[in-house]
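J.: predicted coordinates and the sequence they were generated for:
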Amino acid sequence: MNQQLPIRIVSKVVRGYGRGSKDLGIPTANISRDHLTCSIGSFDDLPTGIYWGYARIIAGESSSEKDGQETNNNNKISGRDVYTAAVSIGYNPTYNNKEKTVEPHLIAESNHSQRHASSTGETMFSDFYDTTIVLSVVGYLRPELPFEGLEKLTLAIKKDIEDACSLAKEDNTTNKEEKEWVLQHQQ
């Protein structure tokens, strides 16, 4: 596994099942399998598991702006910022998905107004569907696991977010290189 890391991905953000926001209070950016470029091959080649990394949304007009919906500027994501991410790659066994998904949860800095805005105290940005996401999957956290109930799943994801934040703060060459790649990569 570690020999494949980091994995660099560029894709579009698409609508998912809506469970991250609605069921768990932990929204994710669902990555399109149709618009994906990846350092290790195709979408199906991505190894399943829970990971951490860095992500950036390349600024552009989101679907909510295209639809004429008003958005609060404090709730918007900046195309210049690199966020730590907790990333699920796989089939979400608690939900018995049949299709593989890649779903990063972008984590704002602790002093950001949206850092604790969701119902479970996690980062909540306005929608940014149809924008480009640049993602570096840097490290492995754990395997995908089925959980008995949403409360146990939410607690596990919150631990993944904690672990991702700790690992992303480490001062090492890989973290610096991957954060820089995410920042500098263009569409």
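T.: Received it, and whenever you're ready, just let me know what you need.
J.: quick one: distance of the helix or strand harbouring residue 158 to the chain centre.
T.: Element membership for residue 158 (DSSP states H and E) is helix 150-168. Chain-centre distance of helix 150-168: 13 Å, with Cα atoms, centre = their mean, to the nearest Å.
J.: what mean pLDDT does that helix have?
T.: Mean pLDDT, helix 150-168: 97.
J.: packing partners of that helix?
T.: Using 3 or more Cβ pairs under 8 Å, 6 or more residues apart in numbering; DSSP states H and E, the elements in contact with helix 150-168 are strand 49-58, strand 83-90, strand 101-107, strand 132-142. Where C-beta positions appear, they are placed from N, C-alpha and C, glycine not excepted.
J.: mind listing what the second one pairs with, with the direction of each?
T.: For strand 83-90, the paired strands and their directions (DSSP bridges) read strand 49-58 (antiparallel), strand 101-107 (antiparallel).
J.: could you dump those to JSON lines with mean pLDDT?
T.: Rendered in JSON lines, the data for the strands paired with strand 83-90 read as follows (pLDDT from 0 to 100):
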{"stretch": "strand 49-58", "mean pLDDT": "97"}
{"stretch": "strand 101-107", "mean pLDDT": "96"}
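J.: do you know which of the ones you listed lies nearest residue 22?
T.: strand 101-107 (13.8 Å; Cβ to Cβ).
J.: any idea which residue sits dead centre in the chain?
T.: Central residue of the chain (Cα atoms, centre = their mean): residue 104, 1.5 Å from the mean position.
J.: correct me if wrong: it contacts residue 20.
T.: No - at 10.2 Å, residue 104 and residue 20 do not qualify as touching, with contact defined as Cβ atoms under 8 Å.
J.: which neighbours do those two have in common?
T.: residue 28 (Cβ atoms under 8 Å, 6 or more residues apart in numbering).
J.: that older thread, could you dump the helices and strands packed on helix 150-168 to TSV with distance to residue 37?
T.: What follows is the helices and strands packed on helix 150-168, written out as TSV (distance: least, Cβ to Cβ, whole Å):
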stretch	distance to residue 37
strand 49-58	13
strand 83-90	16
strand 101-107	13
strand 132-142	10
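J.: which of those strands sits closest to residue 33?
T.: Checked against Cβ to Cβ, the stretch from the helices and strands packed on helix 150-168 lying closest is strand 101-107, at 8.0 Å.
J.: which residues does the closest one contact?
T.: Contact with strand 101-107 is made by 9, 11, 16, 20, 26-31, 43, 46, 53, 55, 57, 77, 83-92, 115, 122-123, 125, 133, 135, 157, 161, 164-165, as judged by Cβ under 8 Å, 6+ apart.
J.: for the buried ones among the residues you listed, write the corresponding PyMOL selection.
T.: Only the buried entries of these go into this PyMOL selection, using 16 or more other Cβ atoms under 10 Å:
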select buried, resi 9+11+16+20+26+27+28+29+30+31+43+46+53+55+57+77+83+84+85+86+87+88+89+90+91+92+122+123+125+133+135+157+161+164
